[in-house]
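Q: Need a 3D model of the following:
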Amino acid sequence: MSYRCDICDKKQSAGRSHTHKPGVAGGQWKKRAPDTLRTFQPNLHFVTMSIKGVMTRVRACAKCIKRVRFDNNKLSINGKVLSI
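A: Numbering: from 1, shown residues only. Here you go, the predicted structure:
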């Protein structure tokens, strides 16, 4: 089971982060602020939604949950009629 949203297909992505370390002025930046690889993961939650009239437990990101609740509890995403 992959770590992705069942509604919008949002998944984890790779990126870089770096922290600045104290050092002398004019020092070498490659040693003072190295880039490290990391993964950015979506904020997923299990929620029970009505998809085409059938109550289904899906894994949805927080953005999709907010969109469904904001649009009067009814929303159509990628041809699926959703409600909470």
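
Q: partners of residue 16 in the sheet?
A: residue 37 (DSSP bridges).

Q: Surely it touches residue 34?
A: No - assessed by C-beta atoms under 8 Å, residue 16 is found out of contact with residue 34, at 9.7 Å. From N, CA and C alone the C-beta is placed, and that goes for glycine too.

Q: quick one: which of those two has more around it?
A: Between residue 16 and residue 34, counting by other C-beta atoms under 10 Å, residue 34 is the more crowded of the two (12 against 9).

Q: Contact partners for the more buried one?
A: Counting by C-beta atoms under 8 Å, 6 or more residues apart in numbering, residue 34 touches residue 18.

Q: what does the model give it for pLDDT?
A: Residue 34 carries a pLDDT score of 75 in this model.

Q: Next up, phi/psi of it, please.
A: phi -70, psi 140 (degrees, to the nearest 10).

Q: if I look at it, how far off is residue 56?
A: According to C-beta to C-beta, to the nearest Å, residue 34 and residue 56 sit 45 Å apart.

Q: What's the mean pLDDT across the biggest helix by length in the chain?
A: Looking across the chain with DSSP state H, the single longest helix is helix 62-70. What helix 62-70 shows for mean pLDDT is 88.

Q: again with stretch 12-28
A: Summarised as a single mean, pLDDT over stretch 12-28 is 75.

Q: So what's the residue count around residue 49?
A: Count around residue 49 with other C-beta under 10 Å applied: 22.

Q: Surely it is in contact with residue 68?
A: Yes - between residue 49 and residue 68 a contact is recorded at 7.0 Å, counting by C-beta under 8 Å.

Q: Where do the helices of this structure begin and end?
A: 29-32, 62-70.

Q: Can you mark which positions in the last one are buried?
A: When you say that, I think you mean helix 62-70. 64, 65, 67, 68 (16 or more other C-beta atoms under 10 Å).

Q: Skip the chain neighbours and tell me the closest residue to the first one.
A: The reference is to residue 64. residue 7 (4.4 Å; C-beta to C-beta, 6 or more residues apart in numbering).

Q: residue ranges of the strands in the chain, please?
A: 13-18, 35-40, 44-51, 54-61, 75-77, 80-83 (DSSP state E).
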